[in-house]
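**Student:** build me a structure from this.
(chains A and B)
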There are 2 protein chains.
Amino acid sequence: MTDFLDQIKWTDDGLVPAIAQDHKTGEILMMAWMNRESVALTVAENRAIYYSRSRQKIWRKGESSGHIQELKSMSMDCDNDVLLLQVKQLGDIACHTGRRSCFYREYQNGEWVTTADVLKNPDEIYNHE
Amino acid sequence: MTDFLDQIKWTDDGLVPAIAQDHKTGEILMMAWMNRESVALTVAENRAIYYSRSRQKIWRKGESSGHIQELKSMSMDCDNDVLLLQVKQLGDIACHTGRRSCFYREYQNGEWVTTADVLKNPDEIYNHE
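**Tutor:** Model prediction:
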């Protein structure tokens, strides 16, 4: 395999965290994990392809929702153990709850308060699977 | 302890990843880890306080460099396992290499290419320790 994958410092489980950021607005959409195969696929297919820890398999973001993340650029941090993806979020929804970003709860006075609206009912998003 | 800490889904090691984002520009500055104590301290002291996995202790970001991150807001993702901090980066440098952001290498044609300049020599940053 190629060198750039060898430079990534993988966890003991062979994973690396990947942050997805909207390339235009700068909004953080989500953080998920990638394994070696998914990073290679992300570059090859020019879209974010994660590794689902719960399902233990490659997760082609948007495969059921249509909410694909087109890759605009990818960066690595100084410790070689975090990736940052600049993406174009198709459908303008990254979160499985139907919200734009997964970070929709804000800390306020000792509580997590929901601060973003559901843009589309998850039933509608995933029903056509 | 308070409820909002119980809602966070900690790793087996008792940690949670925390992304630091410039609250004005939207730039991603770094990702580090927090334990229960450091999240509580972050809120209490209104500045980013991480947990250093290598040193295995609380890491008051900026304690030696002066590059403190003032907390503007903190959000949690839909899985309760990632935090996002909006911060004001004092000194305009988050990275120990003297760069603004830790994500200074971009993937280009199979390589990681450095795309951001060192703003201040690390020797200068840490010499006054």
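
**Student:** for residue A:74, helix, strand, or coil?
**Tutor:** strand (DSSP: H, G, I helix; E, B strand; the rest coil).

**Student:** who does it bridge with?
**Tutor:** residue A:85 (DSSP bridges).

**Student:** neighbours of it, how many?
**Tutor:** 22 (other C-beta atoms under 10 Å in any protein chain shown). For every residue, glycine as well, the C-beta is placed using N, CA and C.

**Student:** list the contacts for it?
**Tutor:** By C-beta atoms under 8 Å, 6 or more residues apart in numbering or on different chains, the contact set of residue A:74 is A:42-43, A:83-86, B:106-107.

**Student:** redo the residues you listed as CSV? Include pLDDT, neighbour count and distance to residue A:49.
**Tutor:** Below are these laid out as CSV (pLDDT from 0 to 100; neighbours: other C-beta atoms under 10 Å in any protein chain shown; distance: C-beta to C-beta, whole Å):
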residue, pLDDT, neighbour count, distance to residue A:49
A:42, 98, 24, 5
A:43, 98, 18, 9
A:83, 98, 24, 12
A:84, 98, 25, 15
A:85, 98, 26, 10
A:86, 98, 21, 15
B:106, 98, 17, 19
B:107, 98, 19, 14
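
**Student:** out of those residues, which is nearest to residue B:66?
**Tutor:** residue A:84 (24.9 Å; C-beta to C-beta).

**Student:** for residue B:20, see how far away the closest one is.
**Tutor:** Using C-beta to C-beta, to the nearest Å, we find residue A:84 at a distance of 12 Å from residue B:20.

**Student:** buried residues in stretch A:90-103?
**Tutor:** A:90, A:93-103 (16 or more other C-beta atoms under 10 Å in any protein chain shown).

**Student:** residues contacting the residue in chain A that chain B sits nearest to?
**Tutor:** Closest to chain B within chain A is residue A:26: 2.6 Å, counting by C-beta to the nearest C-beta. Contact partners of residue A:26, counting by C-beta under 8 Å, 6+ apart, are B:21, B:25-27.
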